[in-house]
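Visitor: Next comes the sequence, and after it the predicted model I'd like to discuss.
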Amino acid sequence: MPSSASREPHAHRSFLSDFILGSQDGLVNILGIILGVSAATDNLKLLLVATLAALAAESISMGAVGYTSTRARRKLYLSEERREIEEMRTMPEMEREEVRQIFREWNYQGPELEEMVNRICANPQAMLELMMAFELHMSPVYANEPRNSGLLVGLATIVGSLIPLLPFLLVPVNFLGDVLASVVLSAVTLFFIGAYEARTTRGSLLQSGLQMLVIGMTAGFAGFLIGHFLGAAPL
């Protein structure tokens, strides 16, 4: 069983991925609905009913997606792990050569190469983890990850969905003013989500923030166009 220290980087990457998936999806979805509805009507009650209904459905749906997709990755990992164990048992020389090839790619040669191969092959657990990571390029998915992923994605979707709604719920001014405030608040939040991702992955804060901003605003603008043309079209 991997230690908690060895699991920490993988867990952090999973947290970041799930957080961005849920929060971005929720924010962009609700912003698109706000812009679409506001382009067709100025009925605040209709806007709130539409967005809150979408928030409930989207958070449950995204939580389910987070759970099922992570569970599928775990099942695939366990299946490949069982296959690798069987190959280590029935085809030890072939597996040993695959280990040797991995170390060759790391520039081990001669006696040093054979020493490394012997050490790894003498430890079945180390050999298995090496093959899973560097032959199959798969990361372990632990038993509690599907549940954690589903909860995190669902909660992040709720948080992201509420951000465009805050001007309507907390400090309502007038309908158009609240829509503009929603767009500005969403744009700032999208930028900071992208910047947080870049800070965690050691990327460019500005580039990642702007990329997230453009993606979100493009999706929101699509909602506005649909609402505008459908609202203007005769029924």
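Guide: Okay, I see it. Residues are numbered from 1 along each chain as shown.
Visitor: Could you report the neighbour count for Trp122?
Guide: You called it Trp, but residue 122 is Ala. By the criterion of other Cβ atoms under 10 Å, Ala122 has 9 neighbours. Quick note: C-beta positions are derived from backbone N, CA and C, even for glycine.
Visitor: What distance do you get for it to Arg73?
Guide: As for Ala122, its distance to Arg73 is 30 Å (criterion: Cβ to Cβ, to the nearest Å).
Visitor: Check Leu21 too.
Guide: The gap separating Leu21 from Arg73 is 14 Å, by Cβ to Cβ.
Visitor: Kindly report the same for Ile226.
Guide: For Ile226, the distance to Arg73 - Cβ to Cβ - is 34 Å.
Visitor: try Ala181
Guide: With distances taken as Cβ to Cβ, Ala181 is found 39 Å from Arg73.
Visitor: Check Ala143 too.
Guide: The gap separating Ala143 from Arg73 is 12 Å, by Cβ to Cβ.
Visitor: Tell me which of the two has more neighbours.
Guide: For Ala143 versus Arg73, the count of surrounding residues by other Cβ under 10 Å is larger for Arg73: 17 against 9.
Visitor: May I have the residues that are in contact with that one?
Guide: Arg73 sits next to Val141 when contact means Cβ atoms under 8 Å, 6 or more residues apart in numbering.
Visitor: quick one: the helices in the chain?
Guide: For the chain, helices defined by DSSP state H occupy the ranges 4-40, 44-90, 92-105, 110-121, 124-134, 145-169, 175-201, 205-232.
Visitor: since we're on Ile158, how many residues are nearby?
Guide: A count of nearby residues for Ile158, using other Cβ under 10 Å, gives 19.
Visitor: Now do the nearest residue to it once chain neighbours are set aside against Leu205, distance only.
Guide: Nearest in space to Ile158, with sequence neighbours left out and distances taken as Cβ to Cβ, 6 or more residues apart in numbering, is Ser59 at 4.7 Å. Distance, Ser59 to Leu205, by Cβ to Cβ: 28 Å.
Visitor: same question, Asn107
Guide: Here Asn107 is placed at a distance of 35 Å from Leu205 (Cβ to Cβ).
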